[in-house]
Each structure stands twice: as structure tokens, then as C-alpha cells.
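In: output the structure for:
(2 chains)
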Amino acid sequence: MSTFLEVQVPTEWLRRARSGDASAQRSIYAALGRPVYSLLRRLVLRPAVAEELAQEVFLEVLRNLGAYSGAGSFAGWVRSIAVSKALMHLRSPWHARLLPEDAQGAIADLAAPQSDGPECGSDLERALNALPDLARSIVWLHDVEGYTHAEIARLHDRTVSFSKSQLARAHAALRDALEPKTGDQPCTLASRN
Amino acid sequence: MHARLEELISLRDRQPVDAASVSHVATCPQCAAEIRRLTALRSELAQLPSFAPPDLWPLIEVRLGAGSSSAPRWRWAQLTAAGSIVALILALASSLPQVPVADPVVIQGTGGQAPLETLVARSQRLESTLRQLPQRPAVEVAADSVAIDALQSRIQRLDVELASNGAEESDPDRVQDLWSQRVSLLNSLFGVRYAEAVHAGYRATREEGTL
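Out: Model prediction:
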């Protein structure tokens, strides 16, 4: 489940932050810095890019607090901005030409996340990180952040069918990466997209 | 015939699928096991550890201040910029006919002969540096705005062309040329934006002095 859903930002912080109160702005960053950064790391992989995008997210959030209508959770609004920034980056031409050594460094770095959380899923992390950007983003947004296929389709300016088929392809790749090859083929292999 | 993976994921997520697939899965141990595996995988993904971010607040605070005319840090930057405006103007006046505007902060050259990886890295650094500049002044100089708009439009057109040339089978020389143009345009954009920011700081300081 998305960690964003656990974050509650008091409306008093928002009111004070809108009026330029630096301590309230900092409190908002403190509450949401980790979920934003973690989400960005999952989507863009590279720590340096995630740091830069996290700054962009909070600049946009704090400069546009008035645009938050109050409908839905504030953390969810912040998450939507973070997702948008990450996908814009992944679509950018310079990301498509990412230096190979940078990409390898990012993936190697991800093998040992800077986390105080439980040590788990290293094979899964490697398999997830090895997915293409689009596939990884769809898996993460759908399976972890709880985005619907319709929402993912809108984000990518594609159809719901596209989102569903990409998710299935990504799960097929994850299965291949995580499960040893045996003679007993999984039931869906023959009909894989 | 077994259910497709897409259908199994829909069943896992309690999304509608066709009746035939539902009937099959209800009696197929393999498909049922696959749904259980997909469910477990979703839980494992959600339990992956989060990442502790570095303390980005000082940087965010500075950049927030740069966008606010009342922020003391930007006021200090304006004063500093005003101090260097005369030197900058003199440097530009003496060098314009012979050499491109020198980037006083980070960028050297336009990279016309550089390898593709170098051009991409330069482009990334220039983008990052541009983002560090303060927001454009509320009162714009028309000539600056025209130049900035023109440069940004050309960069956007290049991005479109780069996106359409992203396939591996595209002409490498053409791609390199496009990236070279992009670096050159970003370099120019940085020069204009930097000069504009310095000038805005100088104007603000001069206005303060007349109050």
C-alpha cells in the first residue's frame, strides 16, 4: 500500500504555509519528504535525479498551495505532482540517452537502499529495477500506489487496454526473473502477450 | 485453455473479466495458484523498503526564497549580482564580436565535436543549472523575453525531433547533430537568463538606493 496514504498533514500547517510560514513549509517537507523521494527513486532509479525531482516537487507544492482544493488528501495531491514530474523526466529525450555508466550506478545503488526499513526483497528489487521504465512505472503505480488503469492511461496519454497489457507484460518479466526455469511451465506462458 | 495473465491480474484486483475466464479459474488449480502468486508479489512490492532522502530542505528553502521578492537570501544574491554587473557588461562589450558569451558559472563551449554521451551530459548539466536560476523577474525586458521565447521554442522543436530519432536505427550523425544544437541553444538560453537575472538584481538594488 502506498506510504502516502499514511501521511496526515494538518490543515493548520497548510494555512500557515500558504501565508509563507517557513516552519510550516518545513513541516510539510518533513512529513512528505520520504514518501516523495522513495516514490521518485522507484520510478526514476537514479538517486541524483530523484533528489532533483524531489526539489522540483516541493517547490511546486509550496508555491501552489492555493491550488490544493481540499478535495482528497493533501498527500495524494503531492503524490500526483511527484508522479507527473517523474513521468515527464522518463519521457524526456536526455533520459532516453542516459549514460550507461550512470544507469548501472543507479541500479547498483538500488541494490542497497538507504533505508531503515526491513531488509527484504533484494531479488525482487533487482527484477523490478531491470524492467523498462514504462513497465516499472506501471507496476509501481498500479500494484503499490493503487492507481487504476484509467488513471495510468491518462498519465501516459494511452488507453486502458495499453495499461493492462503493459502491466501483464511487466508481470511476465518479473515472473521470469524471479522464478527458476523448470519443465513445469506456468499456465499463462503460452498465452503471454 | 488457461486464462491470460492480464485476466488473472484483473481477477486478483477484483476487476471484471469475461465469464468464461471466471469459470475456468474456479476449476483450474494452476490459474488459482498464479493468482495467489500475483497477490503475494503485490504484497512484497508494497513491503519493499523506502528510501531515506538526503536533507533537501536547505536547497528547497533557498530556491523558494529565490522565487520570492521579499526573501532575504535572494536580496543578498541581488546585491552580489549588482556588484558584478559592471564587470559583466564590460566583458560582454569587449568579447561579443570574437567569441560566444562565456558562461560565468559552469559551461564551456558548445560541444560541436564532442561524443554523444558528452553532449547529453552537458545538456543535463545545463538543464540543472538553468533550474538553479531565480524565477524570471515580474517586470520583463521585452528583448530578453523575445530571445528566451525563441530559444525555448527551438529547444522544444529539437526535443520533438530527438524523440522521433530515438530509435536505435536512427542516423547517429543526425542524432549527434541534434544534441549538439541542443547544447548550443541551452548555452545561449543560460547566457540570456543569467544576464537577465543579474540585471534584475541590479535594477532592484538601484531602486532601493533611490528610496
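In: what is the subsequent helix or strand relative to the helix or strand of chain B with the lowest mean pLDDT?
Out: Taking mean pLDDT, DSSP states H and E as the measure, the helix or strand of chain B with the lowest value is helix B:72-95, at a mean of 45. Later in the chain than helix B:72-95, the nearest helix or strand by DSSP states H and E is helix B:116-132.
In: hey, C-alpha coordinates of that next one in CSV?
Out: Output of helix B:116-132 as CSV, limited to C-alpha atoms (Å, rounded to 0.1, in the frame of the first residue of the first chain):
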residue,chain,number,x,y,z
LEU,B,116,27.1,11.9,-27.9
GLU,B,117,27.5,10.9,-24.2
THR,B,118,29.3,14.1,-23.5
LEU,B,119,26.7,16.2,-25.3
VAL,B,120,23.9,14.5,-23.3
ALA,B,121,25.8,15.1,-20.0
ARG,B,122,26.3,18.8,-20.9
SER,B,123,22.7,19.1,-21.7
GLN,B,124,21.7,17.6,-18.4
ARG,B,125,24.1,19.9,-16.5
LEU,B,126,22.8,23.0,-18.4
GLU,B,127,19.2,22.0,-17.6
SER,B,128,20.1,21.6,-14.0
THR,B,129,21.9,24.9,-13.9
LEU,B,130,19.0,26.7,-15.6
ARG,B,131,16.7,25.4,-12.8
GLN,B,132,19.0,26.9,-10.2
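In: quick check: mean pLDDT of the next helix or strand after that helix?
Out: Per DSSP H and E, the first helix or strand lying C-terminal to helix B:116-132 is helix B:142-164. If you average the pLDDT over helix B:142-164, you get 75.
In: does A:Leu128 touch B:Glu44 like I think?
Out: No: counting by C-beta atoms under 8 Å, A:Leu128 sits too far from B:Glu44 to count as a contact (9.9 Å). To be clear about C-beta, it is placed using only N, CA and C from the backbone, and glycine gets the same treatment.
In: what's the burial count for residue 53?
Out: All of this refers to chain A. By the criterion of other C-beta atoms under 10 Å in any protein chain shown, A:Leu53 has 23 neighbours.
In: you looked at the wrong chain, it should be chain B
Out: 21.
In: that one and chain A, how far apart?
Out: According to C-beta to the nearest C-beta, to the nearest Å, B:Pro53 and chain A sit 3 Å apart.
In: low-confidence stretches in chain B?
Out: Scanning chain B for pLDDT under 70 picks out B:66-113, B:138-143, B:164-170, B:201-211.
In: and it, what are its domains?
Out: For chain B, automatic domain parsing gives the domain ranges B:5-46, B:57-210.
In: end-to-end on the first one?
Out: Just to be clear, that refers to domain B:5-46. Using C-alpha to C-alpha, to the nearest Å, the end-to-end distance of domain B:5-46 comes out at 20 Å.
In: next secondary structure after the least confident helix or strand in chain A by mean pLDDT?
Out: Lowest by mean pLDDT, DSSP H and E among the helices and strands of chain A is helix A:100-110, with a mean of 45. Downstream of helix A:100-110, the first helix or strand assigned by DSSP H and E is helix A:122-130.
In: buried by neighbour count: which residues of that next one qualify?
Out: A:Leu124, A:Glu125, A:Ala127, A:Leu128, A:Asn129 (16 or more other C-beta atoms under 10 Å in any protein chain shown).
In: filter these by proximity to chain B?
Out: Restricting the buried residues of helix A:122-130 to those near chain B by C-beta under 8 Å from any C-beta of the partner chain leaves A:Leu124, A:Glu125, A:Leu128.
In: pipe those into JSON lines and attach pLDDT per row.
Out: Converted to JSON lines, those look like this (pLDDT from 0 to 100):
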{"residue": "A:Leu124", "pLDDT": "94"}
{"residue": "A:Glu125", "pLDDT": "93"}
{"residue": "A:Leu128", "pLDDT": "96"}
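In: is it possible to get TSV of those residues that adds distance to B:Arg125?
Out: Output for those, formatted as TSV (distance: C-beta to C-beta, whole Å):
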residue	distance to B:Arg125
A:Leu124	34
A:Glu125	29
A:Leu128	29
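In: ok, so of these, who is nearest B:Ala40?
Out: Distance to B:Ala40, by C-beta to C-beta, is smallest for A:Leu124 among those, at 10.7 Å.
In: give me the element the closest residue in space to that closest one that isn't next to it in sequence is part of.
Out: The shortest distance from A:Leu124 to any residue other than its chain neighbours is 5.5 Å, reached at B:Glu44 (C-beta to C-beta, 6 or more residues apart in numbering or on different chains). Using DSSP H and E, B:Glu44 sits within helix B:29-46.
In: restricting to C-alpha, output the helix or strand following that helix in CSV.
Out: As assigned by DSSP H and E, the chain's next helix or strand after helix B:29-46 is helix B:57-66. What follows is helix B:57-66 as a C-alpha-only set of coordinates in CSV (Å, rounded to 0.1, in the frame of the first residue of the first chain):
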residue,chain,number,x,y,z
TRP,B,57,15.2,21.3,2.7
PRO,B,58,18.1,23.8,2.7
LEU,B,59,18.2,23.7,-1.1
ILE,B,60,14.4,23.9,-1.4
GLU,B,61,14.4,26.8,1.0
VAL,B,62,16.9,28.7,-1.0
ARG,B,63,15.1,28.1,-4.2
LEU,B,64,11.8,29.1,-2.6
GLY,B,65,13.4,32.3,-1.5
ALA,B,66,14.8,32.9,-5.0
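In: touching chain B at all, the longest helix anywhere in chain A?
Out: With secondary structure taken from DSSP state H, chain A has its longest helix at helix A:22-44. Yes: under the criterion of C-beta under 8 Å from any C-beta, chain B is reached by helix A:22-44 at A:22, A:25-26, A:29-30, A:33-38, A:41-42.
In: and those, which of them are buried?
Out: The buried subset of the residues of helix A:22-44 next to chain B (16+ other C-beta under 10 Å) comprises A:Gln25, A:Arg26, A:Tyr29, A:Gly33, A:Arg34, A:Pro35, A:Val36, A:Tyr37, A:Ser38, A:Arg41, A:Arg42.
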